[in-house]
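# okay, here's the prediction I keep looking at, along with the sequence it came from:
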Amino acid sequence: MEKKRKVTNVKKTPKIVKEKKNTSKEKLPEEINPREKYMTIGDHLEELRKKIFYVIGVWLFFSLIVGIFIEKIHIFLVQPFKEVSNYQLILGTIYGPLEIYFKLAIVIGVLISLPINLNILWSYITPALSEKTAIIGHVVIFISSILFWLGVAFGWFYLFPFSLKMMLESFLPAETIAQTTVEKYYSFLFMILIGTGISFQLPLLIVSLGSIGLVTLEWHKKKWKFIIILVFLLSAFITPPDPLSMFVMAFPLLFLYFFSVGIVWLIEKRRNN
């Protein structure tokens, strides 16, 4: 009887209940990534509104700085014309000075503030991305800005003076003076500078598509002839309607294209190894 009682007592002994571990996938407050922001639609719109105000503010700031030195900037920008013509630029309208100075300040302010504003807009998206992706985005913007300004420099130092000489010296009809309005001069200038800046984004585009495997080295082997034709068409669109200017623009773009394909080859080689 005693043994039975002892066994019975053992059976009735309460079991120690182990504490259940928190297997929930919900993150504790201290585990939440500080980059993650849980926002309502209203919060997103408010954040976007702030970023747009920052972009406009940066743009207006640089435009104001340019406006302070606008006279010196104008004198600097018309030097290429003075080198190929013995005459001065003329105003096409009565309100020309206001239009010219205002447009110069706006356009140059946009170009200078572009890298900063792109980073501001990208920072609006980054909280929803991983830290690695966010950093890659900032690096891409940095490289894109460098390529753009390299294109602008090429346009200013080589392509634009060359085009002016072709138009106002080599192709100048007999009994004609090399003179134009300041409005048309600046339209021609910024068409070339912005065009070359955008064209110099070609390496970034090719390397980006190659790094994600969308446009492979095998694709370039099959399509490189068509790419060359497209480069010449793009050059003809950006430059004045003369073959020499087109070739001056096309050669650096072709160099950048084949250089970019070489980088794609290195990426694929490293990926396969």
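Okay, I see it.

# ok, for the spatially most central residue of the chain, nearest residue in space, not its chain neighbours?
Compute the mean C-alpha point of the chain, and by C-alpha atoms, centre = their mean the closest residue is Ser144, 4.5 Å away. Nearest non-adjacent residue to Ser144, counting by C-beta to C-beta, 6 or more residues apart in numbering: Leu204, 5.5 Å away. Heads up, the C-betas are built off the backbone N, CA and C, glycines and all.

# and the one you found, what is it in contact with?
Leu204 makes contacts with Val140, Ile143, Ser144, Leu147, as judged by C-beta atoms under 8 Å, 6 or more residues apart in numbering.

# pretty sure it is in a strand, no?
No. Leu204: not assigned to a strand; according to DSSP: H, G, I helix; E, B strand; the rest coil it is helix.

# tell me the mean pLDDT for stretch 211-225?
The average pLDDT for stretch 211-225 rounds to 87.

# residues making contact with it?
Contacts of stretch 211-225 (C-beta under 8 Å, 6+ apart): Ile206, Leu209, Gly210, Ile227, Val261, Val264, Trp265, Ile267, Glu268.

# of these, buried ones?
By neighbour count, with 16 or more other C-beta atoms under 10 Å, the contacts of stretch 211-225 hold Ile206, Gly210, Ile227, Val261, Val264, Ile267, Glu268 as buried.

# which one of those residues is nearest to Leu168?
Ile227 (32.8 Å; C-beta to C-beta).

# poorly predicted segments of the protein, please.
1-39 (pLDDT under 70).

# off-centre distance for stretch 56-68?
20 Å (C-alpha atoms, centre = their mean, to the nearest Å).

# go on, stretch 197-213?
11 Å.

# output that stretch as PDB, restricted to C-alpha atoms.
What follows is stretch 197-213 as a C-alpha-only set of coordinates in PDB (Å, rounded to 0.1, in the frame of the first residue of the first chain):
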ATOM      1  CA  GLY A 197      26.200  65.400 -71.100                       C
ATOM      2  CA  ILE A 198      23.300  63.100 -71.600                       C
ATOM      3  CA  SER A 199      25.200  61.100 -74.300                       C
ATOM      4  CA  PHE A 200      28.000  60.400 -71.900                       C
ATOM      5  CA  GLN A 201      25.600  58.400 -69.800                       C
ATOM      6  CA  LEU A 202      26.000  55.600 -72.300                       C
ATOM      7  CA  PRO A 203      28.700  53.700 -70.300                       C
ATOM      8  CA  LEU A 204      26.600  53.800 -67.100                       C
ATOM      9  CA  LEU A 205      23.600  52.400 -69.000                       C
ATOM     10  CA  ILE A 206      25.500  49.600 -70.600                       C
ATOM     11  CA  VAL A 207      27.400  48.500 -67.400                       C
ATOM     12  CA  SER A 208      24.100  48.600 -65.400                       C
ATOM     13  CA  LEU A 209      22.300  46.500 -67.900                       C
ATOM     14  CA  GLY A 210      25.200  44.100 -68.100                       C
ATOM     15  CA  SER A 211      25.600  43.800 -64.300                       C
ATOM     16  CA  ILE A 212      22.000  42.600 -63.900                       C
ATOM     17  CA  GLY A 213      22.400  40.200 -66.900                       C
END
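
# what comes up buried for that stretch?
Those would be Gly197, Ser199, Phe200, Gln201, Leu202, Pro203, Leu204, Ile206, Val207, Ser208, Gly210, for stretch 197-213 by 16+ other C-beta under 10 Å.

# and stretch 180-191, by the same measure?
Using 16+ other C-beta under 10 Å as the test for burial, stretch 180-191 gives Thr180, Val182, Glu183, Tyr185, Tyr186, Phe188, Leu189, Phe190, Met191.

# and which of the residues you listed is nearest to Ile238?
Once C-beta to C-beta is applied, the member of the buried residues of stretch 180-191 that ends up nearest Ile238 is Met191, at 7.3 Å.
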